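Colleague: Model the structure of this input:
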Amino acid sequence: MPGLVSLLLMSAPVLAAEPATQDKATFEAEFQRNLEAFEQNMDRGTPIPCGNPPMRPERIKGEDLQFAPSRRTRTKATTYQLKCTFHLDGTATDCLMLTPGVDLDAKNRETIKQWRFKPALYKDKPIATTCTLSGKLKPRPEN
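Modeller: Numbering: from 1, shown residues only. This is a model prediction of the structure:
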């Protein structure tokens with residue numbers, strides 16, 4: 001391990017000095033070529049974080065989540081945040097309730113399975129994303 005640390009320390013000045021040997025225009029041109037090559041070869045089915053770009057997916061089908069009154073009394077929150085992975089086929093998976101601190105019950109998990117989304121776009125092409133959604137906490141009618 002000490003040998004690895006010394007090797008890294010000895011090569012650090014060389015690594016730090018390497019970008020300075022290129023002028024800024026050459027560096028930016030090479031960076032742009034690498035970015036374009038990456039974008040051409042990227043797997044659009046592998047989720048990337050939401051942001052701008054890519055834009056967020058848009059829900060086009062499915063009911064809102066509803067929460068049992070007993071779960072809603074534990075929190076004073078009026079909204080929820082849900083983090084999901086949105087796929088190219090319009091489905092949402094791996095959903096996790098961020099706020100408030102209530103878990104998704106079986107009915108809400110089934111509701112999410114019925115949701116369909118228009119995929120997020122990155123450079124005018126659909127792409128899978130991982131995003132946070134917000135919604136209003138609505139009470140579930142008691143049967």
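Colleague: I'd like the average pLDDT over the longest helix along the chain.
Modeller: Determined from DSSP state H, the single longest helix within the chain is helix 24-41. The average pLDDT within helix 24-41 is 79.
Colleague: so where is this protein shaky, pLDDT-wise?
Modeller: 1-22, 52-54, 71-75, 143 (pLDDT under 70).
Colleague: Can you show me the strands along it?
Modeller: For the chain, the strands defined by DSSP state E cover 48-49, 58-61, 66-67, 79-86, 92-99, 116-118, 120-122, 125-127, 129-136, 138-139.
Colleague: okay, the ones you listed in JSON lines with mean neighbour count and distance to residue 33 next?
Modeller: Backbone N, C-alpha and C define where each C-beta goes, glycine included. Putting the strands of the chain into JSON lines (neighbours: other CB atoms under 10 Å; distance: least, CB to CB, whole Å) gives the following:
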{"stretch": "strand 48-49", "mean neighbour count": "12", "distance to residue 33": "21"}
{"stretch": "strand 58-61", "mean neighbour count": "12", "distance to residue 33": "33"}
{"stretch": "strand 66-67", "mean neighbour count": "18", "distance to residue 33": "50"}
{"stretch": "strand 79-86", "mean neighbour count": "18", "distance to residue 33": "30"}
{"stretch": "strand 92-99", "mean neighbour count": "14", "distance to residue 33": "34"}
{"stretch": "strand 116-118", "mean neighbour count": "17", "distance to residue 33": "32"}
{"stretch": "strand 120-122", "mean neighbour count": "19", "distance to residue 33": "19"}
{"stretch": "strand 125-127", "mean neighbour count": "17", "distance to residue 33": "20"}
{"stretch": "strand 129-136", "mean neighbour count": "16", "distance to residue 33": "25"}
{"stretch": "strand 138-139", "mean neighbour count": "12", "distance to residue 33": "50"}
